[in-house]
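> The sequence isn't on hand, but the structure is:
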């Protein structure tokens, strides 16, 4: 009997890691959106803090889900993630520079900085995972 | 004799690439552009901000429209080996150019809105349009960061292997092209918003 192997088209299953990271990105954008919508007036900061809390919870969930992966191409993950981190560092660095240059201070600056830090963690994680999940790692 | 044949076969077999992902001169050029942008922002130059925003914005919108509506459909009709050859050049260039273009458009645009007094209290009549532009940019970012760029990197990584997986490349290219098409449609709405703001 000859067993015919299907051609491998990558990991086609939907992934909870990607879902939680997208959740983080959307929550961060909503948190920043509330602040931006009120500029130059003081925004109701609790709305942004709430979305930031949700984004933080999503980030922790993503990391836990990622660490629980048994057979995973970590080498590829880190190879991609480190370069993406560099790119996002430049992007978020520009964002932080503009925010500080425009005179944003106090709790608004703290919230915006945390949003930027969450981006800095999540985007490399998302791109690294998106590439590494298609690799056939030794189980 | 048989050893010679084996050596010949090994030499002609495709090798995996190990060099940098993107051309280093492109990275250098991008860094130069970003330094110029920082200087422009620090000097509050209206000409400089306008130049960066219009030039980079035009590049961004044109690239998305061309990718989504011209190159995309053409690539869809190519067979996988032809797609792989084309994708290798295209994706490498896109990987360097697009992030720089996006950074310049968004940062210069934000500063321009501030210098043009669009962020004033009480709110300017253009406030709603600025918010609309930011909402579209947020949607563009979500799509680009979650679908477009990861697909781009998967294709690049796969093409560097000695035996690239044509099926995976085809799947990712399809995703890349469909996302670029959606981004193209969103970019059309950005054009409408920007023309409205410019002709207020």
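Great, that's in hand. Owing to the predicted nature of the structure, the values given are computational and were not obtained by experimental measurement. Numbering: from 1, shown residues only, chains lettered A, B, ... in the order given.
> closest point of chain B to chain A, which residue?
Among the residues of chain B, residue B:150 lies nearest to chain A; the distance is 3.4 Å by C-beta to the nearest C-beta. For the C-beta atoms, the positions are set from N, CA and C on the backbone; glycine is no exception.
> right, and that residue touches residue A:132 too?
No - if you go by C-beta atoms under 8 Å, residue B:150 and residue A:132 don't touch, sitting 10.6 Å apart.
> that older thread, retrieve the pLDDT associated with the residue of chain B closest to chain A.
Here the pLDDT value assigned to residue B:150 is 90.
> ok, and the closest non-adjacent residue to it?
Of all residues beyond its chain neighbours, the one nearest residue B:150 is residue A:130 (3.4 Å), with distances taken as C-beta to C-beta, 6 or more residues apart in numbering or on different chains.
> again with residue B:166
Using C-beta to C-beta, 6+ apart and skipping the chain neighbours, the partner closest in space to residue B:166 is residue B:80 (4.2 Å).
> Likewise for residue A:88?
Using C-beta to C-beta, 6+ apart and skipping the chain neighbours, the partner closest in space to residue A:88 is residue A:123 (4.8 Å).
> So what's the residue count around that neighbour?
24 (other C-beta atoms under 10 Å in any protein chain shown).
> wait, what's in contact with it?
A:25, A:84, A:88, B:145 (C-beta atoms under 8 Å, 6 or more residues apart in numbering or on different chains).
> Make TSV out of those and add neighbour count, secondary structure and distance to residue A:94.
Below are the contacts of residue A:123 laid out as TSV (neighbours: other C-beta atoms under 10 Å in any protein chain shown; DSSP: H, G, I helix; E, B strand; the rest coil; distance: C-beta to C-beta, whole Å):
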residue	neighbour count	secondary structure	distance to residue A:94
A:25	21	helix	18
A:84	21	helix	16
A:88	22	helix	11
B:145	20	helix	16
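> of those, closest to residue A:103?
Within these, distances to residue A:103 taken as C-beta to C-beta reach their minimum at residue A:88, with 24.6 Å.
> From residue B:126, how far out is the closest one?
30 Å (C-beta to C-beta, to the nearest Å).
> re earlier: and the contacts of residue A:123, which two are the farthest apart?
By the measure C-beta to C-beta, the contacts of residue A:123 have their two most distant members at A:25 and A:84, which lie 13.7 Å apart.
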